[in-house]
Each structure stands twice: as C-alpha cells, then as structure tokens.
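J.: how would this look folded up:
(one chain, ligands or ions: 1)
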Amino acid sequence: MAEGSSGSEFTLDSIRKSLIRQEDTIVFCLMERARFPINSALYNQSLDLVPGFSGPLVDFIVQETEAVQAKAGRYVNPEENPFFPDNLPPSLVPNYNYSQVLHPGGASININKAIWDMYLNQLLPLFVVAGDDGNYASTAASDLSCLQALSRRIHYGKFVAEIKFRDAPHDYEPLIRAKDADELMKLLTDKRVEEMVKKRVEKKAIVFGQDVSGSNNADSKHYKVGPSVVARLYDEWVIPLTKRVEVEYLIRRLN
Ligand SMILES: O=C(O)C(=O)C[C@]1(C(=O)O)C=C[C@@H](O)C=C1
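T.: Now for the predicted structure:
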C-alpha cells in the first residue's frame, strides 16, 4: 500500500514513516525544477503552441502524460489522483491487487485543482529564477513530478484519517454524524508533529540542496531551493491541504 511500507502494516507510525520518505521526493523534485528558469510561455493561456489544442502547453503535456499513465494503471492505485480526471482512458494492464484499506467514499476526494493552483501561482515564483531557456518539455515534465509528489503526499491524508478513525472511533463518530468539520479538524490536529515536520523539511532542504565540492567544505550559503521556501510550502500549503483531505475523508467515513 504505502510507499516504503509492507502493505500488511497499517499504523499511524507506518503512515508517518511514508510521509517522511515522501518529503525526500518532494525536496528532490523541487531541486530538479529549480534547474530551469520560470519559462512562463509554458503556462500562457493564449499562446496556443500546439496545433489543435487550445490552452497552455503545460496542460497539453500533463493531460497526454496522464493518459499514458492511466493506460498503464497508475490511477488504479488508491494513492494516485489525476490532475485532469475527465476523459481519462481506462487501464489496459492487469489490475494489481492493492490492499483496500480506505472507505469507498475516499475515492471521490480529489483536491488537485487547489494543488495545481498553489503550485503554479504561489510556489513556483518563490524558488525559480526569471527567464526563458526554451526547455519547455523538460520543464513541464519536472513540474509534473513535483505536482504528483505533492498530490500523493496531500491525498495521503485519506490514509492518515482512516487510521486515526480506526484508533479512536468513539471520538470521531459523533463529530462525523454531526458533520462538524471544525471539531474534526481540531481532533485530528497534532501541533507538535506539525512543528517537527516543518523543522525536518527545512533541514532536508539544507542537507540535500547544498553544493558539494571536491574538498570537504560544502557550500552552505547556496541552496538549490531555499530551505525557508520548503518550510513555508509545508506550513502554508502541504499540511493545511493534507488536513483538508483528512476532514473531507472523515465526513464521508460513515456513509
Ligand atoms: O501525522 C499526522 O498526525 C497527520 O495528520 C499529518 C499532519 C501533516 O500533514 O504532516 C497533519 C495534521 C497533524 O496536525 C500533523 C501532521
């Protein structure tokens, strides 16, 4: 089931281990994207760079890539959610038997529109330089890796919520029946863990993103992605969006 976990193990601890492992993926994806300048033509609504396709080039690349990945079974995996779910082709490969730990209502939760908007409009300008080097296809591939890593992490909130519910059904059930989203949000929040997560991702950006020279002295002043940007990404977007998924999942949990 979870990246880096055995499948039979489903505990809050194993889920958190997966979230920690996914931090590495996210930090490395951002570092890869930072190799390219903003390349804003990629996101331009009105350039119509692809004959017969109306919309930004990034939409074209992501839609086409998702279609191929859908045929290869990517979205059969309950951890994966597409950015363009409409008109996706079905999987052509034999289904892998993913362990079905989620409540069926969880499948309808997809907040990728909010993730897409946050990534393109708020996050990108914080860590890429201005300019245009023409590498649009590579840049978009890099964007998609970042978006998919962020989406997987944020929608992992479904698994976090399931285990929290199973660990304390008597606390969650009355709030779910009352559809009390505010109280559910309070109950699932653990501020101590959130602080640890933010400190850890900042440290990862420092450790993974410094320039390592042949000598023993690493250049600690120049990072591929600013550690404070990564901490802010988690503080302002990743953790709040994960919690939004958790609440949406719990609200449906008794349907
Ligand atoms: O680890 C948890 O308990 C989670 O629910 C995940 C998470 C996070 O997004 O990192 C979200 C809410 C909690 O307040 C703490 C951390």
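
J.: neighbours around residue 191, how many?
T.: 7 (other CB atoms under 10 Å). C-beta here means a position set from N, CA and C on the backbone, and glycine is covered the same way.

J.: from the ligand, how far off is it?
T.: Residue 191 sits 6 Å away from the ligand, going by CB to the nearest ligand atom, to the nearest Å.

J.: phi, psi for that residue please.
T.: phi -60, psi -30 (degrees, to the nearest 10).

J.: to which secondary structure element is the residue of the stretch 151-255 of the chain found nearest the ligand assigned?
T.: As assessed by CB to the nearest ligand atom, the ligand sits closest to residue 242 within the stretch 151-255 of the chain, at 3.6 Å. Per DSSP states H and E: residue 242 is located in helix 239-252.

J.: could you give me the buried positions within that helix?
T.: 239, 241-252 (16 or more other CB atoms under 10 Å).

J.: ok, the residue of the stretch 151-255 of the chain closest to the ligand touching residue 157?
T.: Yes: look at residue 242 against residue 157 with CB atoms under 8 Å: they come within range, at 4.2 Å.

J.: which positions in the stretch 101-250 of the chain make contact with the ligand?
T.: 160, 188, 189, 190, 193, 194, 197, 239, 242, 243 (CB under 6 Å from any ligand atom).

J.: can you turn the buried part of those residues into a ChimeraX selection?
T.: To isolate the buried ones among those in ChimeraX, judged by 16+ other CB under 10 Å, type:
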select :160,188,194,197,239,242,243
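
J.: the residues of the stretch 101-250 of the chain next to the ligand: which two are farthest apart?
T.: With CB to CB as the measure, no two of these lie farther apart than 188 and 197, at 14.2 Å.

J.: which residue lies nearest the spatial centre of this protein?
T.: Of all residues in the chain, the one closest to the mean position by CA atoms, centre = their mean is residue 150, 1.6 Å from it.

J.: can you get me a residue count around the spatially closest residue to that residue that is not a sequence neighbour?
T.: Nearest residue to residue 150, sequence neighbours excluded (CB to CB, 6 or more residues apart in numbering): residue 115, at 5.7 Å. Residues near residue 115, counting by other CB under 10 Å, number 24.
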